Every structure is written in structure tokens, then in C-alpha cells.
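**Q** Mind folding the following:
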Amino acid sequence: MKQIKPIIWGIAIITLGIIFGGNALGLFTLDIFFDGWWTLFIIIPSLVSLITDKDKIMSLGFIAVGVILLLAAQNVFSYDVAWKVILAVFLVAVGLSIIIKSIFHNKNDQEVAKKIEDLKNNKTMDSQFSAFSGSDRVYKDEIFNGANLSAIFGGVNLDLRDAKFEKDTVIKAFALFGGIDIKVPEGVKVKLKSGFIFGGISDDRKSATEKGKYTIYIDATGGFGGVSITDKAKK
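**A** Numbering: from 1, shown residues only. Got it, this is the predicted structure:
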């Protein structure tokens, strides 16, 4: 799925170029600036995410928002009605997300939750907090004992590629309208637990392993944000 997203975007950009070129050369007349054309910037990315991302509820929610705003721009109903419907869609999507994640709470989530509970009193855990700004922490031959990461309207970068591990560790990551990027070393196992509402966690490691001596347990939560995991092989 990771290769599909750029292909879809490439096709969309090529199509847009053909439309502009054809209009300029007089080969055809296709007006893409119709009433509410700007809603395509909501609908199209959401359609791409619906195809490529695991969290379908968020993508469906944004598609619904885009379609509702498009209908309002086309005078099917007023914007006042549109915003009320969007609020209703948001509440339904949040409720469904909570229910589905509760029902499909898998064995891996339970394992991570237990490990976090066992290690949560670790007083040596690092803390990074970012609000409307950025925060970077790079480990260079230092021992990593875990971390609490928070990004609110900001970004946090934690680079563990050159860190040393002496035991299993926990990373608690909270992203609200923000992003957290965690770079992990090769040869270390990673276990994930996600509790996002309108957001998610992406594991883009190129050398994911299940045979490492130590494990990093990542508990990622938040809303309208995301956590990205990469490794040394990531270009």
C-alpha cells in the first residue's frame, strides 16, 4: 500500500496537467473551477487515504465533510445546515472509532498495555513536550530508558538510531493536532498500541524484525495527529 499513494497522486497531477494543457490548446473546454471546487482538496486526499491507510473511519469522515461542503457550495442546502451536519458526522465517526477499537482490542494491544503498566513508574524516562513549536532529541551512544512524548500543534522528533539498550523500554506518545517522528535502530523489536481518534500511527520501518534482544513498546494516543516510526534503513 505504501507504493500506491504516490502512484495515485502522480495520476491525479498528470490528469490536472492534461486538463490545463487541453484547455490552453483549445482541444477541449473543461472548467474545473466550478462552485465548491476547493472541496476537492478535502475529498481527493481523503479518497487516497481511504485506499492506502488502515484507519478507514477517519478517511470516510473527511470524505463526508468534503461532500457536505460541496453540496452547500452548490446551493443544495445552506452552509448553516452544512456545519450542523458536519458536527453530526464528526460525533458519529468518533463514536464508531471508539466502539470499533474497543471491540477489536487485540492481543498485541493487551501485551503492550501490560508492559506499559509494568514500566510506567520508571523515573528515568525522558520527556519531550512541544506546543506550537518543534522538539528534537538525538541519542548518541546514550542509554535509552524510555520516553514520554507530547506534541500539541507542533512536532516532536526522537532519534534512537544510535542509542544503547539495556532492557525493554516504553515510549508514550501523545499527538493532538501534531506529529511525532520516532526513529528506531535496526535489530530492536517494536510493539505498537494505538488509541487515536482521527489520526493514527504509521510503521515505515524497512528492516522490521521480531528477533531483536530488546523491545520498544509504543503507546500512541491523541486526535487529529499522528505518530511515524522509521529506522536506519529509511531514506
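
**Q** got the contact list for residue 12?
**A** Counting by CB atoms under 8 Å, 6 or more residues apart in numbering, residue 12 touches residue 44. Any C-beta I mention is one placed from the backbone N, CA and C, and that applies to glycine too.

**Q** I meant to write residue 78 there.
**A** Each residue near residue 78 by CB under 8 Å, 6+ apart is listed here: residue 72.

**Q** Likewise for residue 129?
**A** Contacts of residue 129 (CB under 8 Å, 6+ apart): 135, 150, 156.

**Q** From the residues you listed, which land in strands?
**A** Among these, the members falling in strands (DSSP state E) are 135, 150, 156.

**Q** who wins for neighbours among those?
**A** When the ones in strands among the contacts of residue 129 are compared by neighbour count (other CB atoms under 10 Å), residue 156 ends up highest, at 26 neighbours.

**Q** Surely that residue touches residue 133?
**A** No: using CB atoms under 8 Å, residue 156 is not in contact with residue 133; the gap is 9.8 Å.

**Q** residue farthest from the centroid of this protein?
**A** Residue farthest from the centre of the chain, counting by CA atoms, centre = their mean, is residue 26 at 41.9 Å.

**Q** domain ranges for this protein?
**A** With domains defined by automatic domain parsing, the chain comprises 33-103, 107-231.

**Q** could you dump these to CSV with distance to residue 19 and mean pLDDT?
**A** Supplementary listing: the domains of the chain in CSV, determined by distance: least, CB to CB, whole Å; pLDDT from 0 to 100:
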stretch, distance to residue 19, mean pLDDT
domain 33-103, 11, 83
domain 107-231, 32, 81
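
**Q** Deepest in the core, which of the ones you listed is it.
**A** With neighbours taken as mean count of other CB atoms under 10 Å, these reach their highest mean count in domain 107-231, at a mean of 18.

**Q** SS state for the residue nearest to residue 202 when sequence neighbours are not counted?
**A** Distances taken as CB to CB, 6 or more residues apart in numbering put residue 228 closest to residue 202, at 5.1 Å, once the chain neighbours are dropped. Under DSSP: H, G, I helix; E, B strand; the rest coil, residue 228 falls in the strand class.

**Q** pretty sure residue 228 contacts residue 178?
**A** No: using CB under 8 Å, residue 228 is not in contact with residue 178, being 11.7 Å away.

**Q** For residue 68, state which of the ones in strands among the contacts of residue 129 is nearest.
**A** residue 150 (32.3 Å; CB to CB).

**Q** From residue 177, how far off is the closest one?
**A** Distance, residue 150 to residue 177, by CB to CB, to the nearest Å: 12 Å.

**Q** Repeat that for residue 59.
**A** Computed as CB to CB, the residue 59 to residue 177 distance reads 18 Å.

**Q** C-terminal to the helix or strand containing residue 7, what's the next element?
**A** Using DSSP states H and E, residue 7 falls within helix 4-25. The first helix or strand that comes after helix 4-25 along the chain, using DSSP H and E, is helix 40-52.

**Q** How far away from the center of its chain is that following helix?
**A** The chain centroid and the centroid of helix 40-52 are separated by 14 Å, computed with CA atoms, centre = their mean, to the nearest Å.

**Q** Remind me what it packs against, helices and strands.
**A** helix 4-25, helix 56-73 (3 or more CB pairs under 8 Å, 6 or more residues apart in numbering; DSSP states H and E).

**Q** Check which helices and strands the last one sits against.
**A** Helices and strands touching helix 56-73, as assessed by 3+ CB pairs under 8 Å, 6+ apart, comprise helix 40-52, helix 79-103.

**Q** could the ones you listed go into JSON lines alongside distance to residue 64?
**A** Formatted as JSON lines, the helices and strands packed on helix 56-73 follow (distance: least, CB to CB, whole Å):
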{"stretch": "helix 40-52", "distance to residue 64": "9"}
{"stretch": "helix 79-103", "distance to residue 64": "5"}
